[in-house]
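Undergrad: When you get a sec, could you give me coordinates for this:
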Amino acid sequence: MQRIRRAEDRGHFDHGWLKTWHSFSFADYRDEQHMGFDTLRVINHDIVHPGRGFSTHGHRDMEIITYVIRGAVEHEDSMGNKEVVPVGDVQRMTAGTGVRHSEFNPSGEEELELLQIWILPERNGLEPGYEQRSFALRGEGLQLIVSPDGRGDSLKVHQDVEMHAACLTRGEAIHHAIAFGRSAWVQLVQGELQLDDGETLRPGDGLAVTDQAELQLKALTAAELILFDLAPGPLGRG
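TA: Numbers count the residues shown, from 1 in each chain. Model prediction:
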């Protein structure tokens, strides 16, 4: 079964310096029908004005992934990490027993556009941790960028989740097998994708896939997407 979460139906706030869209309930946006999906808790699509950002704040007991679409993120945290995360890099932070961090747009001219993703950890009280890696996505189909065992030089996340990404050319198709009992979520970053039932995904759309052995997608234009392969989790499937 496939259900589309249209971009225009997400929670949206314009704070002046920040435009943000929430696929699932977050902060002041509350939607009982969209509290998360299995262990996938947050997908926030943020556009940050030049020179602005999120001042130092705390998190705990969450796996936090930052995926940069445009620009770069200047990251600093209480573990001693101070890094710039450009397009092509993906960052994973284990909040665990507690982390404080800030995220800023260091450019004085260009906007920063990113996805911030939260995944529930396998257990609470993990030791905080940080990883950052570059991925060359173009021309390789789906590429594993996050996994529970760090295989294939992917980032290691403390949960039974695989996160794949792809930049597809027009007409390129991908097929992803989904093991019995697992689910998938597709987040379209850019371009248009056609589903096997003829429906079209557009930028910002999400797709929940359950009780299905395979997912097939075809790029109607050049397209960038993220695909999560998820074990059953406490958030349910809506």
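
Undergrad: And for residue 204, the neighbour number?
TA: Per other CB atoms under 10 Å, the neighbour tally for residue 204 reads 19. No exception for glycine: its C-beta is placed from N, CA and C like everyone else's.

Undergrad: ok, it touching residue 19?
TA: No. Counting by CB atoms under 8 Å, residue 204 stays clear of residue 19, with 11.8 Å between them.

Undergrad: How far away from the center of its chain is stretch 15-32?
TA: 15 Å (CA atoms, centre = their mean, to the nearest Å).

Undergrad: In this structure, where is pLDDT below threshold?
TA: Counting by pLDDT under 70, the ranges of the chain that qualify are 138-139.

Undergrad: what's the helix or strand for the residue sitting nearest the centre point of the chain?
TA: Nearest to the mean C-alpha position of the chain, by CA atoms, centre = their mean, lies residue 117 at 4.2 Å. Counting by DSSP states H and E, the element that carries residue 117 is strand 112-119.

Undergrad: Residue 225 now?
TA: Using DSSP H and E, residue 225 sits in strand 223-230.

Undergrad: Which other helices and strands does that strand contact?
TA: strand 161-168, strand 183-190 (3 or more CB pairs under 8 Å, 6 or more residues apart in numbering; DSSP states H and E).

Undergrad: hmm, who's touching the first one?
TA: Outside of strand 161-168, the residues within contact range by CB atoms under 8 Å, 6 or more residues apart in numbering are 39-40, 65, 67, 90, 117, 119, 135, 137-148, 157, 174, 176, 191, 193, 219, 222-231.
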